[in-house]
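Enquirer: Sequence below, structure please.
(chains A, B, C and D)
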2 protein chains.
Amino acid sequence: MKGLEYVLLAGLWVEPRSGYDLAHWFQRAAHYYWAAHHSSIYPTLAGLEQAGLVTHQLVPSEQGPKRKVYRLTETGKDTLQMWISQPPQPPEVRDEQPVKVLAIDLLSPEEGIRHLEAAKSRAQEQRDMYSALLLQLSAEEDDRPQRQWLGPRLNLMRGIQIQEGYVRWCDEAIALLQASTPRLEAREK
Amino acid sequence: MKGLEYVLLAGLWVEPRSGYDLAHWFQRAAHYYWAAHHSSIYPTLAGLEQAGLVTHQLVPSEQGPKRKVYRLTETGKDTLQMWISQPPQPPEVRDEQPVKVLAIDLLSPEEGIRHLEAAKSRAQEQRDMYSALLLQLSAEEDDRPQRQWLGPRLNLMRGIQIQEGYVRWCDEAIALLQASTPRLEAREK
DNA sequence: CGGCGCATGTAACGGGTTACATGATTCC
DNA sequence: GGAATCATGTAACCCGTTACATGCGCCG
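Expert: Next comes the predicted model:
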């Protein structure tokens, strides 16, 4: 079994969802640790169903066509549990931003700082998004306290922490760039 | 042009390197923001050379066959600069670890804590590796102070910070797991 | 003289992205 | 009636990984 299959099992373990829901989940809460488009999600869900790891139920949507809401079967849960027990593969990342930082000396200090400010803004936006999701989760937790929301909560906490770290790093980097060009401060005055 | 091509240009901007060097760089310093295997690096370098963005020089190695040490051409530098000036694409990540955390309630608290301790150890190892690389970089900086090592330095700082954040999160997560099972503490006494 | 680290390459295969395709419902 | 969001799917193509392949030079 390939990576995405287990990831979908984990996503469905948190709560039953449709392919559409999962696609949105990847774009928002899960974005900092996994990426997937709907065009890979739908076929994979179909495969999992054929393998007997998930089943779906047609649920009328408030708007648009009927939703195929998937949930884990017992076998699916067992498969997931076995996978969880094994150590994770090392993460794979493709992030252009640090690559661009590598050659930041190709930009003027002013431009470099502008880019870092932009990166900082993006990080703050992301942080706010994760914070909002965490608040939302807490509200849902009150409604159904029996549910195990520990995993999603831990991951949202991590998402917030990552973005806050990024913001701090941006500030340090900007400070370093400014220090390397004291004429900037002088001109400011 | 595709992502890897620009990344190689950036890697060669930092200093002239062989494909072998670049492969190792991806495994170590660049590992937290970009992944690439030698089998994709060599053909890509050849393509960049054909496009006139890099040139190579055969340099005898201390051990093994001659090294093809690549460096940017003027066109290569210009191409890189143009790419740097544009905003980066959003990062793409595949990290199994947070996915496994999602369903951490499928494990016993003891097992969950063991997994988090393991994750913490891995993060500490990585942090130490980045710290060592930063020290090494500082030493080289003394030798050739004219060189612009700002980019690599900033990225190593970021690597260290990421891993330290991870360690802190692991501690928080372990604490939460322990809090959710007070019987553990009780048994400890 | 075998094994390991250095060093560069090629080819098949697989998985995901981009683009194509369809249809329901609501709001303006 | 057109636009936007909801909702599910298919197919071609591209890129990168896995595996295959080769050869140097040192050390034990």
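
Enquirer: and the longest helix seen in chain A, does that touch chain B?
Expert: Of all the elements of type helix in chain A, the one with the most residues (DSSP state H) is helix A:109-143. Yes: looking at helix A:109-143 against chain B by Cβ under 8 Å from any Cβ of the partner chain, the contacts come from A:111, A:115, A:118, A:119. Using the backbone N, CA and C atoms, a C-beta is placed for each residue, glycine as well.

Enquirer: So for that helix, what gets flagged as buried?
Expert: A:109, A:112-113, A:115-116, A:119-120, A:122-123, A:126-127, A:129-131, A:133-134 (16 or more other Cβ atoms under 10 Å in any protein chain shown).

Enquirer: Domain ranges for chain A, per the record?
Expert: A:3-85, A:96-188 (automatic domain parsing).

Enquirer: from memory residue A:85 sits against residue B:108, does it?
Expert: No: checked against Cβ atoms under 8 Å, the pair residue A:85 and residue B:108 is beyond contact range at 10.3 Å.

Enquirer: okay, now whichever residue of chain A sits closest to DNA strand C: neighbour count?
Expert: For chain A, the residue closest to DNA strand C is residue A:39, as judged by Cβ to the nearest atom of the strand, at 3.1 Å. The burial metric for residue A:39, expressed as a neighbour count using other Cβ atoms under 10 Å in any protein chain shown, is 9.

Enquirer: Likewise for residue A:58?
Expert: Counted with other Cβ under 10 Å, the burial measure for residue A:58 works out to 11 neighbours.

Enquirer: got it, and residue A:38?
Expert: Residue A:38 has 14 neighbouring residues, counting by other Cβ under 10 Å.

Enquirer: Quick one: the residues of helix A:109-143 next to chain B as CSV, columns for pLDDT and distance to DNA strand C too.
Expert: CSV is the format used below for the residues of helix A:109-143 next to chain B (pLDDT from 0 to 100; distance: Cβ to the nearest atom of the strand, whole Å):
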residue, pLDDT, distance to DNA strand C
A:111, 95, 27
A:115, 97, 22
A:118, 97, 21
A:119, 97, 21
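
Enquirer: Turn these into CSV, including distance to residue B:20.
Expert: As requested, the residues of helix A:109-143 next to chain B are arranged in CSV below (distance: Cβ to Cβ, whole Å):
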residue, distance to residue B:20
A:111, 33
A:115, 31
A:118, 35
A:119, 31
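
Enquirer: any chance of these in a markdown table, with distance to DNA strand D too?
Expert: Below are the residues of helix A:109-143 next to chain B laid out as a markdown table (distance: Cβ to the nearest atom of the strand, whole Å):
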| residue | distance to DNA strand D |
| --- | --- |
| A:111 | 27 |
| A:115 | 23 |
| A:118 | 24 |
| A:119 | 22 |
